[in-house]
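A.B. asks: Quick one, fold the following:
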Amino acid sequence: MAERINIDPITRIEGHLRIEVEIENGKVKNAWSSGQMFRGLEIILRGRDPRDAPLITQRSCGVCTLVHYLASVRAVEDAVKVQIPPNARIIRNLLHGSQFQHDHIVHFYHLHALDWVDIVSALKADPQKTAALADNVSNAPWGGTVYYKQVQQRLKTFVESGQLGPFNNGYWGHPAYQLPPEANLMAAAHYIEALRLQAKAAKMHAIFGAKNPHLQSLVVGGVTCVQDLTPDRIAEFLYLWKETQDFIKNVYIPDVLVVAGFYKDWGKIGGTTNFLAWGDFPESEKEPDSLFMPRGVIMKRDLKAVKMAEQDKVVESVAHAWYKGSDALHPYKGVTEPEHGDYDPNKKYSWFKAPRYEGEPCEVGPLARVLVAYAYGKKEIKEVVDDVLKKLSLPVEALFSTLGRTAARAIETLVIGQAMERWIMELVENLKKGDKKTYQSWQMPDKAQGIGLNDVPRGSLGHWIEIEGGKIKNYQYVVPSTWNLGPRCGKGKPGPVEEALIGTPVADPKRPIEILRTVHSFDPCIACGVHVVDPDSNQVYEIKVI
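C.D. replies: Numbers count the residues shown, from 1 in each chain. Below is the predicted model of the structure:
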């Protein structure tokens, strides 16, 4: 007999998300994803100066920080037809690369790892065996029996005090946890080290962006940080980049391989069908040809049929979203007219619209980007992907899964980080030649349209602006979590998360950790009690999740 589970809110994400699933015979039979937050920045922007848009849209989130700023600036630049100088392009790439390094580390260790790592189990670990394991799988700058014994003692103090702090309300001891105690202790130690490292990684934004979050140095026409392009400032950035990249190479990647080795069955769980990547990191003024992470779309998992993605093939459906109307519209014609109603999975049930590419739902994010790059045969990505698959003895098909999504995030963090070194050296060479230009002047048109596409840590992001009388007439943006977590469209096709959850095994409906694994693998960004309802008795269970 089928039963419904409501997880509301999903925690360890940004924003408010409700996931409802129907379970039958121990597996998810159906799923509904509901965004529980309405912002309406599109409405706020109407009638404003287009130059206000980047600073306002950046406030969409304090986690994603740079990404809306960058997409919005690009949209206005496209509308006013200005070509930014090479130095501005490089600095934007470095800031965006820093976002990837910081964001993906935080996601894996502090938002997603606890779906795979049993913190309490670490208390049973042998510190000496843990040290041996760590020495065997990684090149971390810290370790040893004494070190792991100290970490274990810190965890024990938490447990004995009855206050687990950030580890409170976990499903510790759940049968779905597969790591041995020593691997759990190693991962717990790296969780703590990642907290220290991410604080340093965030400083890279401050060097050329003035601060973090919500950077200040991007403007329509370039960047304003020309005075910061000194040897000392560049060296400071380079030092922080190197420390972060060393952590990614020596700790993050090995940790993902260790976790994946114990959860290979998840290489067949949580997959979707279609993938979209706008691509990013332009390496010349020729876009999209010069994008380091290429632009493309893959339908029906056919890697051989990868093709260029076109923004004019995007529409957003509101058939199952709390907005007036039911038409599927391209963002240029998009309308944001909220009309909240009851939560009804058969009718309207989310603040998210439902983006579609050529009428189909598409997953966006690390897996989509890696698959597109892999399908194109991009050397930097292909080498790392093939190496990871070989080490795990898994076929390419395993990429289409929750495990593949988690591995792809680590893979692109490494590869984009490696590219950053080349961009830094390119900037240095330009400065040596006397090229310090970071801004190109421009004129505001009376009437224009512009598109700003980029691919950010959580996925494909697009901003569309229409200018009339020198003011914003219409503004729409389609964000990664709308693509991934959107509801069904007018044709009844489920969104990517809804699709990915179907077929997921659930051992204990009262502790649905398996559902959290797949949802968290998308890194939802939308801010704890959860209700599980027995459909026969209407009994309500209260569940807390971390």
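A.B. asks: Assumed Lys491 was part of a helix.
C.D. replies: No: membership of Lys491 in a helix is not supported by DSSP: H, G, I helix; E, B strand; the rest coil, which gives coil.
A.B. asks: Glu360 is in contact with that one, correct?
C.D. replies: No: between Lys491 and Glu360 there is no contact, the gap being 9.5 Å when judged by CB atoms under 8 Å. Just so you know, the C-beta spots here come from the backbone N, C-alpha and C atoms, and that holds for glycine as well.
A.B. asks: Those two - which one has more neighbours?
C.D. replies: A direct count of neighbours by other CB atoms under 10 Å for Lys491 and Glu360 places Glu360 higher, at 16 against 13.
A.B. asks: Give me the spatial nearest neighbour of Leu453, chain neighbours excluded.
C.D. replies: Trp278 (4.2 Å; CB to CB, 6 or more residues apart in numbering).
A.B. asks: For that neighbour, give its distance to Val159.
C.D. replies: 45 Å (CB to CB, to the nearest Å).
A.B. asks: Please identify which of these two sits among more neighbours.
C.D. replies: Trp278 (28 against 15).
A.B. asks: ok, now which ones touch that one?
C.D. replies: Trp278 makes contact with 295, 309, 311, 453-455, 460-462 under the criterion CB atoms under 8 Å, 6 or more residues apart in numbering.
A.B. asks: at 6 Å instead, please
C.D. replies: 295, 453, 455, 460 (CB atoms under 6 Å, 6 or more residues apart in numbering).
A.B. asks: Does Thr518 touch Ile269 like I think?
C.D. replies: No: if you go by CB atoms under 6 Å, Thr518 and Ile269 don't touch, sitting 7.1 Å apart.
A.B. asks: neighbours around the closest residue to Phe38 other than its chain neighbours, how many?
C.D. replies: Counting by CB to CB, 6+ apart, Phe38 lies nearest to Trp351, which is 4.7 Å off, once chain neighbours are set aside. Trp351: 23 surrounding residues under other CB under 10 Å.
A.B. asks: same question, the one 4 residues further on
C.D. replies: If you count neighbours by other CB under 10 Å, Pro355 ends up with 27.
A.B. asks: Determine the set of other helices and strands touching the helix or strand hosting His205.
C.D. replies: His205 is located in helix 181-209, with elements delineated by DSSP states H and E. Here helix 181-209 touches helix 86-106, helix 127-137, helix 145-161, helix 231-247, going by 3 or more CB pairs under 6 Å, 6 or more residues apart in numbering; DSSP states H and E.
A.B. asks: List the contacts of the helix or strand just after that helix.
C.D. replies: Downstream of helix 181-209, the first helix or strand assigned by DSSP H and E is strand 218-219. With contact meaning CB under 6 Å, 6+ apart, strand 218-219 is reached by 69, 73.
A.B. asks: Check what pLDDT Phe292 gets.
C.D. replies: Note on Phe292: pLDDT of 98.
A.B. asks: part of a strand, is it?
C.D. replies: Yes: under three-state DSSP, Phe292 falls within a strand.
A.B. asks: circling back: pick out whichever of the contacts of Trp278 sits closest to Ala187.
C.D. replies: Asp455 (28.6 Å; CB to CB).
A.B. asks: What is the neighbour count of that closest one?
C.D. replies: Quick note: Asp455 (other CB under 10 Å) scores 31 neighbours.
A.B. asks: and what of Val220?
C.D. replies: Using other CB under 10 Å, Val220 has 23 neighbouring residues.
A.B. asks: Please report the distance of it from His174.
C.D. replies: Using CB to CB, Val220 is found at 51 Å from His174.
A.B. asks: Thr157 too?
C.D. replies: 23 Å.
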